[in-house]
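Participant: sequence plus the predicted model coming up.
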Amino acid sequence: MISWRDEISWRDDLPAAARDGATVVALSLREDHLAPTPRDLQEAPSRDPARGAFLRRRALSRRIVAARLGVAPQSVEIGHGPSGAPRVLAPSSSLKISVSGRADFCAVAMAESPIGVDIEPSRAIEPPWSLLHPNERNILETLTGEARADAFPRLWTAKEAYLKALGLGFARDPTKIAIGLDFSILDEEAAPTILTRGWRRFVLRGEDFIAACVVLG
Ligand SMILES: CC(C)(COP(=O)(O)OP(=O)(O)OC[C@H]1O[C@@H](n2cnc3c(N)ncnc32)[C@H](O)[C@@H]1OP(=O)(O)O)[C@@H](O)C(=O)NCCC(=O)NCCS
């Protein structure tokens, strides 16, 4: 089971909502007064607007992790592992996290097992055909109009969420992984245990988004 949350007032809702299980929080980013750690400043891109967006995402991730662990946000440290995957470095815990976002929106996912999340604007774009598995191309080629516009972001967010749960991102060849419209995952190079998976639509500041989350055993 995945617990999906949006536009929360984290002070009131999150501690109760995010205590256990897999939780995904999708939010519009706002300025945050939480002071960045030296690691946050070092890992942030060097220039705005990417730097500001990263620091707001990181501050929000620290608050969400703090709420889950029942500690002060100032005591939470998050860093990137060698592959770029985010990790909770302090306090010591078995919590796994995943992050997705752009300038002014973000999704943060947490679970006790490897987890991946991806969130994308839900709008019609031409699929990047060369990055798709043949099965995915077949699915999309049989669809037209709204059906294709709906299917592609689902397939793509699910694939990115799975690649993040593996901790590999696009270090893996995305054409070797086929996502189905029922969120089936065919991986030609691995046989992972999928504990849970799902999609959810969010409306953030009036814009439609689709988020996918995968938790591995
Ligand atoms: C992970 C990846 C799929 C994310 O793609 P994206 O759509 O651009 O960005 P998203 O906003 O959805 O996700 C960004 C988050 O992914 C996370 N991430 C990065 N590398 C990751 C990895 N290997 N595993 C899991 N998560 C990863 C980071 O937490 C990052 O957020 P942060 O910088 O705020 O901490 C992509 O950046 C990737 O594959 N990176 C690693 C490999 C790489 O850089 N290859 C070279 C390009 S082909």
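Facilitator: Everything's here; your move. Residues are numbered from 1 along each chain as shown.

Participant: drop to CA atoms for contacts and neighbour counts, all remaining ones
Facilitator: OK.

Participant: now do the contacts for Ala90.
Facilitator: Counting by CA atoms under 8 Å, 6 or more residues apart in numbering, Ala90 makes contact with Ser75, Val76, Glu77, Ile78.

Participant: ditto for Arg58
Facilitator: Going by CA under 8 Å, 6+ apart, the list of residues near Arg58 reads Asp40, Ile78.

Participant: ok so it is a strand residue?
Facilitator: No - under DSSP: H, G, I helix; E, B strand; the rest coil, Arg58 sits outside any strand and is assigned helix.

Participant: which positions in the protein make contact with the ligand?
Facilitator: 54, 57, 83-86, 98-102, 118, 160, 164, 167-171 (CA under 6 Å from any ligand atom).

Participant: rerun at 8 Å
Facilitator: Neighbours of the ligand within the chain, by CA under 8 Å from any ligand atom: 44, 54-55, 57-58, 79-80, 82-86, 98-102, 106, 116-120, 160-161, 163-172.

Participant: and which of the contacts of Ala90 is nearest the ligand?
Facilitator: Checking the contacts of Ala90 against the ligand by CA to the nearest ligand atom gives Ile78 as the nearest, at 8.6 Å.

Participant: the closest one contacts Leu89, doesn't it?
Facilitator: Yes - with contact defined as CA atoms under 8 Å, Ile78 reaches Leu89; the gap is 5.4 Å.

Participant: from the residues of the chain next to the ligand, keep the buried residues only.
Facilitator: 44, 54-55, 57-58, 79, 85-86, 98-102, 106, 116-120, 160-161, 163-167, 169 (16 or more other CA atoms under 10 Å).
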